[in-house]
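Student: Please work out how this folds:
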Amino acid sequence: MRTTEVMKPYRMEDFLRPQWFQQQSQMVHFQWQRNPEDNSLVNASMRGFWLSAFLNVVFFGSNGSDILLHLWLGRPANQNPPVFSITMYFSIRGLMLFLKRRQIVEFVNDLDRECPRDLVSQLDMQMEQTYRNFWQRYRFVRIYAHVGGPIFCLMPVAFFLLGHEGKGAPVAQHEQLLAGWLPWDLRKDPRFYFLVWLIDVSCTICGVSFFVTFDNLFNVMQGQLLMHLNYLARQFADLDPSQSVSHEASFFSHLRMLVQRQQLLNGLCNRYNEIFKVAFLVSNFVGAGSLCFYLFMLSETSEVLIITQYILPTMVLVGFTFEICLRGAQLEEASERLELALSSQKWYLGSQRYRKFFLLWMQYAQRTQKLGAFGLIEVNMVHFTDIMQLAYRLFTFLKSH
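Tutor: I've put the predicted structure just below:
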């Protein structure tokens, strides 16, 4: 940042901005605005959710009926397993956003209340670094979505225009964006190709918008919690136990504030995990299955265009799964840093009253905050390894059969 630039305090809304394609497609699921009565953040419109719900009903309704007819009547199905599985992966996250929308709004407001308002406090808490990390990542997601998305959507059009056999020939699966089933055999009729393609593009934008919204909320919340935990660890490290002898009243008043702050942050971490834990448990394993299908498709083709089309979602599945697990590990490390700051204190210089309290405080600080789901998984780098191993085992099983 240039020295001549005048810095302004950051607001919570600065972290919660949607991507450009979401605004243009009217698929902003959380339109954050300030309530003039109490200055709280509210979701001003549910339009994005209702539009996404309609598109999901169209896509999964048509594909579900096709799968049922295939199971009952033995009619050939037209699903593309990699695309269908990643669509489920995105939609599960979208469903979680809808079901947890009230908890998300409440949690964002709690983070907003804890966010310092003045520039001096923000600099002291290193909020500038938090925003810089957010902005770098926001720009990366923006480039990937607005470049990779159109490439993914236009590849089937290129296959159709360059390789379709003729007007009388049905549209092949690799020439369709999402594949699946539509009434009156619209998908296989080349006369309606671009109408079907527009429907598929709308469903694709819906799924990607779900994913981007989930990703932004998860990372913004984690970044804020990380900032508060690191600041609290620095306060722990600056605590001078010898002050408990010479300035007992003021020392314990400050100590009480730090402990209450620690309890508050632990509560926020628990609520943060409650919001996302079902999505962790379900979508991560669905993502492993989807990754298996994409690896299988990549291993079975030698065409550059098909490889280009399938490598983009494969990178999304691997890269963003890695980052979610990394974020979980970072939160765990930040929580452990509180215990480390306490253990490095010269507690033996404190008063007898402080030394007794210190033993209880250390026991409480050892309760490390972790992201997980119902005790079945812990979201960290070990979990990322488990997901990749599961995807590879599914892939080898599929290849062998």
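
Student: Just the element for the spatially most central residue of the chain, please.
Tutor: The centroid of the chain falls nearest to residue 215 when counting by C-alpha atoms, centre = their mean (2.5 Å). Using DSSP states H and E, residue 215 sits in helix 193-238.

Student: one step back: which residues does the residue nearest to the centre of the chain contact?
Tutor: 141, 320 (C-beta atoms under 8 Å, 6 or more residues apart in numbering). In this view, the C-beta of every residue, glycine as well, is placed from N, C-alpha and C.

Student: now with 10 Å?
Tutor: 93, 137, 141, 316, 320, 323-324 (C-beta atoms under 10 Å, 6 or more residues apart in numbering).

Student: same check, this time on residue 66
Tutor: 75-79, 179-182, 187.

Student: In strands only, show me those residues.
Tutor: Among the contacts of residue 66, none falls in strands (DSSP state E).

Student: unless I'm mixing things up, residue 98 is touching residue 43, no?
Tutor: No - counting by C-beta atoms under 10 Å, residue 98 stays clear of residue 43, with 11.2 Å between them.

Student: Return every residue with contacts to both of those two.
Tutor: 29, 49, 104.

Student: could you flag which of those are buried?
Tutor: Listed as buried from the shared contacts of residue 98 and residue 43 are 29, 49, 104; burial here means 16 or more other C-beta atoms under 10 Å.

Student: Just put the shared contacts of residue 98 and residue 43 in a markdown table and tack on pLDDT and secondary structure.
Tutor: Shown next, in a markdown table, are the shared contacts of residue 98 and residue 43 (pLDDT from 0 to 100; DSSP: H, G, I helix; E, B strand; the rest coil):
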| residue | pLDDT | secondary structure |
| --- | --- | --- |
| 29 | 94 | coil |
| 49 | 94 | helix |
| 104 | 96 | helix |
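
Student: what's the burial count for residue 71?
Tutor: Using other C-beta atoms under 10 Å, residue 71 has 10 neighbouring residues.

Student: tilt between the host helix or strand of residue 339 and helix 193-238?
Tutor: Assigned by DSSP H and E, residue 339 belongs to helix 304-343. Using axes from the mean of the first three to the mean of the last three C-alpha atoms, to 10 degrees, one finds that helix 304-343 and helix 193-238 are set 20 degrees apart in direction.

Student: ok, now which ones touch the closest residue to residue 201 other than its chain neighbours?
Tutor: Excluding the flanking residues, the one nearest residue 201 by C-beta to C-beta, 6 or more residues apart in numbering is residue 153, at 5.4 Å. Neighbouring residues of residue 153 by C-beta under 10 Å, 6+ apart: 177-178, 197, 200-201, 204-205, 208, 309.

Student: just to revisit the earlier point, after the helix holding residue 215, which helix or strand is next?
Tutor: Past helix 193-238, the next helix or strand by DSSP H and E is helix 243-246.

Student: starting at the chain centroid, how far to that following helix?
Tutor: How far helix 243-246 lies from its chain's middle: 46 Å, per C-alpha atoms, centre = their mean, to the nearest Å.

Student: circling back: so residue 98 and residue 43 - more neighbours on which side?
Tutor: Shown here are residue 98 and residue 43; by other C-beta under 10 Å, residue 43 has more neighbours (18 against 15).

Student: Show me where the stretch 51-200 of the chain has its helices.
Tutor: 81-99, 101-114, 119-124, 127-143, 149-163, 193-238 (DSSP state H, counting those that start in this stretch).

Student: Distance to residue 362 added to these, as CSV?
Tutor: Output for the helices of the stretch 51-200 of the chain, formatted as CSV (distance: least, C-beta to C-beta, whole Å):
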stretch, distance to residue 362
helix 81-99, 36
helix 101-114, 25
helix 119-124, 26
helix 127-143, 28
helix 149-163, 50
helix 193-238, 11
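
Student: closest to residue 271 out of these?
Tutor: Closest approach to residue 271 among those is made by helix 101-114 (5.7 Å; C-beta to C-beta).

Student: pLDDT score for the residue nearest to the centre of the chain?
Tutor: At residue 215, the model reports a pLDDT of 93.

Student: cool, the one 4 residues further on as well?
Tutor: Here, the pLDDT recorded for residue 219 equals 95.

Student: What of residue 1?
Tutor: Turning to residue 1, the model gives it a pLDDT of 45.

Student: residue farthest from the centroid of this protein?
Tutor: Max distance from the centre of the chain (C-alpha atoms, centre = their mean): residue 246, 48.8 Å.

Student: Go ahead and confirm it touches residue 351.
Tutor: Yes - because the distance of 9.3 Å satisfies C-beta under 10 Å, residue 246 is recorded as touching residue 351.

Student: Which single one of the shared contacts of residue 98 and residue 43 is nearest to residue 228?
Tutor: Nearest to residue 228 out of these is residue 104 (C-beta to C-beta; 18.2 Å).

Student: So the closest residue in space to residue 101 that isn't next to it in sequence versus residue 239, what's the distance?
Tutor: Nearest in space to residue 101, with sequence neighbours left out and distances taken as C-beta to C-beta, 6+ apart, is residue 43 at 6.7 Å. For residue 43, the distance to residue 239 (C-beta to C-beta, to the nearest Å) stands at 40 Å.
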